[in-house]
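>>> below is the sequence, then the predicted model.
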Amino acid sequence: RKASLQISSFVSKNCTIMSVETAKKIAAYKAVDTYVKNRHVIGIGSGSTVVYAVERLAERVQNENLNIICIPTSFQAKQLIVANKSRFQVENEMHLSDLENHPEIDVCIDGADEVDCHLNLIKGGGGCLLQEKIIASCSKQFIVIADYRKNSSYLGEQYKNGIPIEVIPMAFVPIKNRIEKRFGGKLELRMAIAKAGPVVTDNGNFILDWINFKHNLKWEDINREIKMIPGVVETGLFIKMATKAYFGMQDGSVKEQD
Ligand code: 5RP
């Protein structure tokens, strides 16, 4: 199938309102069209917005005979790359690789749960924060793609599912108690659908979601302090990591933030 940018929208009074899916798509396409070059090593993020980025990547690989190398940030991302390789018959040009073979990444394209006015992020809504942060940290440029709902002035302004913290399973209770006592708010063990048990990450760990945290905290210090707690593997606070964010807006434009 030839992927084309189909704009789904509806007209309300005199203005056109884009759907959230279209907003994700236009942000993803803009990022891929702006940053991806032939022979690039690309970090592929996780989540629903990245689906459009990989779709566009595959389309460009096919149409422009690009040769690119993709490094996934999760099981989902890996499957996405494999599915698009076969769908677009670009077996030889869209390579799947890893950090052992390609430790330096040209550009990483990933979604976010919330982006503040300083380009600090909450990530990990899909539970992939650890590998996402590793890949982002190995990338020369880290580009965020999101719809307009993620564009906030401060962390926690709109996103209410909390800051994910990936932890070693046997330590989740002491970690929860320590963070609540030190910083306030509440940490909840992320549970699978129908509360069948805790969510287990791609790395075999649990996730604590830190909700009702205070706003405008010194996130860099807090991130460092939380990471020092034994048993904490990684946080979903991506502080001063992003190069640029693209937001698909309701009016069909793409807002840039750097
Ligand atoms: C997964 C993530 C995602 O990038 C984040 O949750 C955004 O997802 P989506 O594009 O579906 O809104 O951090 O761990």
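Nice, thanks for sending it over.
>>> CA only for contacts and neighbour counts going forward, please
Noted.
>>> isn't residue 136 up against residue 241?
Yes. If you go by C-alpha atoms under 8 Å, residue 136 and residue 241 touch, sitting 7.4 Å apart.
>>> the strands in the stretch 101-250 of the chain, which residues?
Residue ranges of the strands in the stretch 101-250 of the chain, as given by DSSP state E, counting those that start in this stretch, are 105-110, 114-115, 121-122, 139-147, 163-167, 186-189, 206-211, 232-235, 237-238, 244-248.
>>> pull the residues that contact the third one.
What it means is strand 121-122. Strand 121-122 is touched from outside by 112, 113, 114, 115, 155, 163, 164, 236, 237, 238, 239, with contacts defined as C-alpha atoms under 8 Å, 6 or more residues apart in numbering.
>>> before we move on, back to that, and the strands of the stretch 101-250 of the chain, which is most packed in?
Per-residue neighbour counts averaged over each of the strands of the stretch 101-250 of the chain give the maximum for strand 114-115, namely a mean of 30 (mean count of other C-alpha atoms under 10 Å).
>>> residues making contact with that strand?
The contact list for strand 114-115, computed with C-alpha under 8 Å, 6+ apart, reads 121, 122, 123, 150, 151, 152, 153, 154, 155, 156, 158, 159.
>>> circling back to that earlier point, can you narrow the contacts of strand 121-122 to ones near the ligand?
When contact is defined as C-alpha under 6 Å from any ligand atom, the contacts of strand 121-122 meet the ligand at 112, 113.
>>> could you dump the contacts of strand 121-122 to CSV with distance to residue 18?
As requested, these are exported to CSV (distance: C-alpha to C-alpha, whole Å):
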residue, distance to residue 18
112, 19
113, 19
114, 19
115, 20
155, 24
163, 28
164, 29
236, 29
237, 29
238, 28
239, 30
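>>> now the contacts of strand 121-122 as a markdown table including pLDDT?
Written out in a markdown table, the entries for those read as follows (pLDDT from 0 to 100):
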| residue | pLDDT |
| --- | --- |
| 112 | 98 |
| 113 | 98 |
| 114 | 98 |
| 115 | 98 |
| 155 | 96 |
| 163 | 98 |
| 164 | 98 |
| 236 | 98 |
| 237 | 98 |
| 238 | 98 |
| 239 | 98 |
